[in-house]
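Participant: Provide a 3D model corresponding to the input given below.
(2 chains)
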Protein chains: 2
Amino acid sequence: MAENKQLGKQSIKFAHPPFIRGAASVVGTKEADGPYGKYFDEIEQDPMAGEDSWEEAEGKFQEKAAELAIQKAGCTTEDMRYIVAGDLLGQLMASSFGLIKLERPLFGVYGACSTMGESLAIASMIAEGGFADNVLALTSSHFASAEKQFRFPLGYANQRNKSATWTVTGSGAVVVSAASGIPAGYKSPDKVPEEKNKVHIVGITTGKIVDYGIKDNMNMGACMAPAAADAIVQHFIDFGHSPGQYDKIITGDLGLVGKDILIDIIRAKGYDISENYMDCGIEIYGEEQNVQSGGSGCGCSAVMLTGYILKMLESREWKRVLFVPTGALLSQVSFNEGNSVPGIAHAVLLERR
Amino acid sequence: MAENKQLGKQSIKFAHPPFIRGAASVVGTKEADGPYGKYFDEIEQDPMAGEDSWEEAEGKFQEKAAELAIQKAGCTTEDMRYIVAGDLLGQLMASSFGLIKLERPLFGVYGACSTMGESLAIASMIAEGGFADNVLALTSSHFASAEKQFRFPLGYANQRNKSATWTVTGSGAVVVSAASGIPAGYKSPDKVPEEKNKVHIVGITTGKIVDYGIKDNMNMGACMAPAAADAIVQHFIDFGHSPGQYDKIITGDLGLVGKDILIDIIRAKGYDISENYMDCGIEIYGEEQNVQSGGSGCGCSAVMLTGYILKMLESREWKRVLFVPTGALLSQVSFNEGNSVPGIAHAVLLERR
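Facilitator: Next up is the predicted model:
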């Protein structure tokens, strides 16, 4: 009987779930000083990463994370049929310049801080569709390049709202690989021994733009929470799951303000996620680190995924996680023109079988 | 025997080529005044498209093109399982704000002016992989929003180099649909009567970032030509084709300067494309329209594809076209910091059978 990969309104349930062959996280010193510091693969001591500008520094973080993920997957750069990458900067500067040396076919993507969810979703479809054996999915953010672009010059030393978040300096990269068993007519390795003991990407729920009309770029948690709620609830409906069936439901960077809004919206829709909910932005820094509402940026969920979440799954501490990076669709231009900040979120269902 | 969709180093040859169910082009008055004016579906007389800012105006062009393409495909917005969209603006402002009303799952993409090639490639893989019956792929550009972002304020009335290009105001949208015959285990309609007489996306060759170190943002043709040459030659190698097997080989927006460079580089690699080569940027405006080296922007190749190229294929005037949108990976920040302008190009093989 034909299996339908399209599930419900917005989801895919993969017939042959691709798996994560390798992953790597590269962070800055502030992230290393936080409670998850010991989980990250590499600490870059120099915020400039030896480069001449913040944008190039962020690109260097991507380059390092990419190389390390490929190495940890036991692959070479040439094994990556595609790269799916993006970042927060205008015209994806970090990816455009950071990934040149890899010399691989590149799809640039932008989903604000939801980019890790978007790149994983596209990489999974490419792998499961038979279009590649290995796809590299990655993203990054950098405190200084983000402040420069979206907020104030660092030298201005502006005060920060309690609802403001601190952009994570770091990059997370994942090698997504095709599983064995894809039907004839579709290219894939006959046997994939590396698949054993790995985390599988079982499904995705792709988000829509959701705009509640919030115009405060210092309160992005509130901008993104409605989009996250929309994707998570749609995921439950499409898969016929309840919150209790997940070890963790993990958003990207809603922060303390966004967390409460998210739980309330989802409760109003008939689901209670408060028991097993976690937000990468709340977790990544300690209370003493003076980051107001928490961490943010594409790199936040990316390094928490590659540094911590995947390890918890690989060790079977957790067996099923809904990973939901969250993005605020904000630009300095649209903000200055008085536009609202719509949100988007992309859910990825991870399982360790 | 299993058919291998992965072809050569950088290409996909679809086992069941998706088809273009519908397409639409919406342009401004300058594009309507050019030699291809009669081919475009809709002319927007107001450069602001009734909005309050250039960025929102560009978003409105996307919204209009999307709605018209869906209508011409005989579909509803709800039939689009995904949107794959992007533009030139920081944080994809035009897509982020222009596509909110459609309320469909969105993958934001960025490939500079190669975006139409990238969105078609991803949409095709989604459709052929069995993940969607219909995917909307679109992009846009706007002269005023691009000048504001990348060059000078319009009121400054700066002089333009002979090698400079004029950003096209317009948006092109395409509905990519899954063909019949996708193997069991993969969702697709059993019969697709609409497929008849349509243009099929037979394959793709995805580009790498290519950097020849050129730093002139007023000569983007020179920046992009090496990337276009790289993708086109790799396409010939992967498919085992020669230039004579195409009715047309069509780049996005190399302009007059880039054209000569492209033909020279490709000749040096052993192929002569001069007989059947065409560049959307050279074609879209007339000589009397004072656009220096030609048209550019994501919208340039997108409206030429949806307005003209697809019609030439549907009417069987042409049977096989290699469509190669070309992008200059440039941001105002990277340019001001003295970085080079790398290029990227994504080739899409279109056939009317």
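Participant: Let me know the pLDDT of residue A:188.
Facilitator: According to the predicted model, the pLDDT of residue A:188 comes to 48.
Participant: same question but for residue A:194, I mixed them up
Facilitator: 73.
Participant: So it lies in a helix, does it not?
Facilitator: Yes. Residue state for residue A:194 (DSSP: H, G, I helix; E, B strand; the rest coil) corresponds to a helix.
Participant: these two touch, right, it and residue A:21?
Facilitator: Yes. Taking Cβ atoms under 8 Å as the definition, residue A:194 is a contact partner of residue A:21 at 5.6 Å. Backbone N, C-alpha and C define where each C-beta goes, glycine included.
Participant: Could you check how far residue A:180 is from residue B:82?
Facilitator: To residue B:82, residue A:180 is 27 Å away according to Cβ to Cβ, to the nearest Å.
Participant: Looking at these two, which has the bigger crowd around it?
Facilitator: Using other Cβ atoms under 10 Å in any protein chain shown as the criterion, residue A:180 and residue B:82 rank with residue B:82 on top: 24 against 13.
Participant: That one: what's it in contact with?
Facilitator: A:206, B:104, B:105, B:106, B:107, B:123, B:126, B:131, B:132, B:135, B:136 (Cβ atoms under 8 Å, 6 or more residues apart in numbering or on different chains).
Participant: Between the residues you listed, which sits nearest residue B:317?
Facilitator: Checking the contacts of residue B:82 against residue B:317 with Cβ to Cβ, the nearest one is residue B:123 at 24.5 Å.
Participant: Can you tell me the number of residues neighbouring the closest one?
Facilitator: 29.
Participant: Tell me how far it lies from residue B:207.
Facilitator: In terms of Cβ to Cβ, residue B:123 sits 17 Å off from residue B:207.
Participant: Need the residues touching each of residue A:194 and residue A:21.
Facilitator: Contacts common to residue A:194 and residue A:21, judged by Cβ under 8 Å, 6+ apart, are A:73, A:74, A:177.
Participant: which one of these has the most neighbours?
Facilitator: residue A:177 (26 neighbours).
Participant: what residues are up against the nearest residue to that residue once chain neighbours are set aside?
Facilitator: Leaving aside its sequence neighbours, residue A:177 sits nearest to residue A:21 (Cβ to Cβ, 6 or more residues apart in numbering or on different chains; 4.3 Å). By Cβ under 8 Å, 6+ apart, the contact list for residue A:21 reads A:73, A:74, A:75, A:134, A:175, A:176, A:177, A:194, A:198.
Participant: Can you flag which of these belong to strands?
Facilitator: Judged by DSSP state E, the contacts of residue A:21 include A:134, A:175, A:176, A:177 as members of strands.
Participant: Which residue would be the closest one in the stretch 101-250 of chain A to chain B?
Facilitator: residue A:129 (2.7 Å; Cβ to the nearest Cβ).
Participant: you'd agree that residue is up against residue B:129?
Facilitator: Yes. In this structure, residue A:129 is within contact of residue B:129 by Cβ under 8 Å, at 2.7 Å.
Participant: I'd like the next helix or strand past the helix or strand containing residue A:138.
Facilitator: Taking DSSP states H and E as the definition, residue A:138 sits inside strand A:134-141. Using DSSP H and E, the helix or strand that follows strand A:134-141 in sequence is helix A:143-150.
Participant: and the shared contacts of residue A:194 and residue A:21 as a markdown table, adding pLDDT?
Facilitator: Converted to a markdown table, the shared contacts of residue A:194 and residue A:21 look like this (pLDDT from 0 to 100):
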| residue | pLDDT |
| --- | --- |
| A:73 | 96 |
| A:74 | 95 |
| A:177 | 96 |
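Participant: Reformat those as TSV; add distance to residue A:249.
Facilitator: Below are the shared contacts of residue A:194 and residue A:21 laid out as TSV (distance: Cβ to Cβ, whole Å):
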residue	distance to residue A:249
A:73	27
A:74	31
A:177	25
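Participant: Go through the residues you listed and say which is closest to residue B:31.
Facilitator: Distances from residue B:31 to these, taken by Cβ to Cβ, are shortest for residue A:177, at 44.2 Å.
Participant: circling back: among the contacts of residue B:82, which are in helices?
Facilitator: Members of the contacts of residue B:82 lying in helices (criterion: DSSP state H): B:123, B:126.
Participant: partner residues bridging residue A:83?
Facilitator: residue A:106, residue A:136 (DSSP bridges).
Participant: swap in residue A:249?
Facilitator: Beta-bridge partners, per DSSP bridges, of residue A:249: residue A:277, residue A:322.
Participant: picking that back up, ok, the residue of the stretch 101-250 of chain A closest to chain B - contacts?
Facilitator: Residue A:129 neighbours (Cβ under 8 Å, 6+ apart): A:186, B:5, B:125, B:126, B:128, B:129, B:130, B:131.
Participant: Recalculate using a threshold of 7 Å.
Facilitator: B:125, B:128, B:129 (Cβ atoms under 7 Å, 6 or more residues apart in numbering or on different chains).
Participant: The first one against residue A:124, yeah?
Facilitator: No. Using Cβ atoms under 7 Å, residue B:125 and residue A:124 do not qualify as a contacting pair, with a distance of 11.2 Å.
Participant: Phi, psi for residue A:75 please.
Facilitator: Dihedral angles phi and psi of residue A:75 (degrees, to the nearest 10) take the values phi -120, psi 170.
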